[in-house]
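Trainee: pasted the sequence and its predicted model underneath.
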Amino acid sequence: EAQVTQNPRYLITVTGKKLTVTCSQNMNHEYMSWYRQDPGLGLRQIYYSMNVEVTDKGDVPEGYKVSRKEKRNFPLILESPSPNQTSLYFCASSLINGYGGSVHSPLHFGNGTRLTVT
Amino acid sequence: ILNVEQSPQSLHVQEGDSTNFTCSFPSSNFYALHWYRWETAKSPEALFVMTLNGDEKKKGRISATLNTKEGYSYLYIKGSQPEDSATYLCAPYNQGGKLIFGQGTELSVKP
């Protein structure tokens, strides 16, 4: 089954304790992206990647890192989490098209990770 | 950053009613518009990807139109059913290579 898999689904941690949220897709998609969803703010892009070893900042990258060593995996790393990073996180992937992004290709979302930082 | 507005923010209708909502976005540097359906406790799912002015897409009882010159898209649901209850997100794609999501319209359909 074609899917984007995120783990864990729920995570409660303390300020400053490094954590990684994994994301893996089995559709051979070039484009992968991380979003966070906060009440009243909608989905905001954190980082995205056009292909292996190619990553770029989204609109809210501060406090996050990503890597794209393999096509299928795009982990989100919080080196020193803070309470303002408490949020619902989504990973998504899509095909790349001639415009160099997911212009014509719909995003496929993972099931989300609800992170609480105390 | 694109300014994407969706209206109304929330909508409550009775089963069988037809409804529509709006997504407004800057018309300059337009490349595409995505619509997603997001049910509670699930992840967003793509409904449509629209690119051409005047484009109209349909999926069952749901359809969408696009006006790129004036910067808006309408989503219509004919004969709403309780299973249509969800948040509907639009996301224009800008020249910078990013999808910018609106805050969504939350639809509640009562039996």
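Mentor: Nice, I can see it. Since this is a predicted model, take the numbers as computed values, not measurements.

Trainee: for the rest of this, base every contact and every neighbour count on C-alpha atoms.
Mentor: Noted.

Trainee: quick one: residues contacting the closest residue to chain A within chain B.
Mentor: Proximity of chain B to chain A (C-alpha to the nearest C-alpha) peaks at B:Gln103, 4.4 Å away. Applying C-alpha atoms under 8 Å, 6 or more residues apart in numbering or on different chains, we find B:Gln103 in contact with A:Gly40, A:Leu41, A:Gly42, A:Leu43, B:Glu5, B:Gln6, B:Gln9, B:Leu89.

Trainee: I figured the third one hits B:Gly102, correct?
Mentor: Yes - here A:Gly42 lies in contact with B:Gly102, judged by C-alpha atoms under 8 Å, at a distance of 6.2 Å.

Trainee: more neighbours: which of those two?
Mentor: Just comparing A:Gly42 and B:Gly102: by other C-alpha atoms under 10 Å in any protein chain shown the higher neighbour count belongs to B:Gly102, 25 against 16.

Trainee: where does chain A get nearest to chain B, residue-wise?
Mentor: Proximity of chain A to chain B (C-alpha to the nearest C-alpha) peaks at A:Gly42, 4.4 Å away.

Trainee: and the residue nearest to A:Asn84 when sequence neighbours are not counted, how many neighbours?
Mentor: Once flanking residues are discounted, A:Asn84 sits nearest to A:Val117: 7.7 Å by C-alpha to C-alpha, 6 or more residues apart in numbering or on different chains. Per other C-alpha under 10 Å, the neighbour tally for A:Val117 reads 17.

Trainee: contact partners for A:Val117?
Mentor: A:Ile12, A:Thr13, A:Val14, A:Thr15, A:Pro81, A:Ser82, A:Pro83, A:Asn84, A:Gln85, A:Thr86.

Trainee: so among these, which ones count as buried?
Mentor: The neighbour count (16 or more other C-alpha atoms under 10 Å in any protein chain shown) marks A:Thr13, A:Pro81, A:Ser82, A:Gln85, A:Thr86 as buried among these.

Trainee: for those, work out which two are farthest apart.
Mentor: The span of these, defined through C-alpha to C-alpha, is set by A:Thr13 and A:Gln85 at 10.8 Å.

Trainee: quickly list what's touching both of these two.
Mentor: Counting by C-alpha under 8 Å, 6+ apart, the contacts common to A:Thr13 and A:Gln85 are A:Leu115, A:Thr116, A:Val117.

Trainee: mind listing the strands for the chain?
Mentor: All of this is about chain A. Using DSSP state E, the strands of chain A run over A:4-7, A:10-13, A:19-25, A:31-38, A:42-51, A:54-57, A:65-66, A:76-78, A:87-94, A:108-109, A:113-117.

Trainee: oops, chain B please
Mentor: B:5-7, B:10-14, B:19-24, B:32-38, B:45-50, B:56-59, B:62-67, B:72-77, B:86-93, B:105-110.
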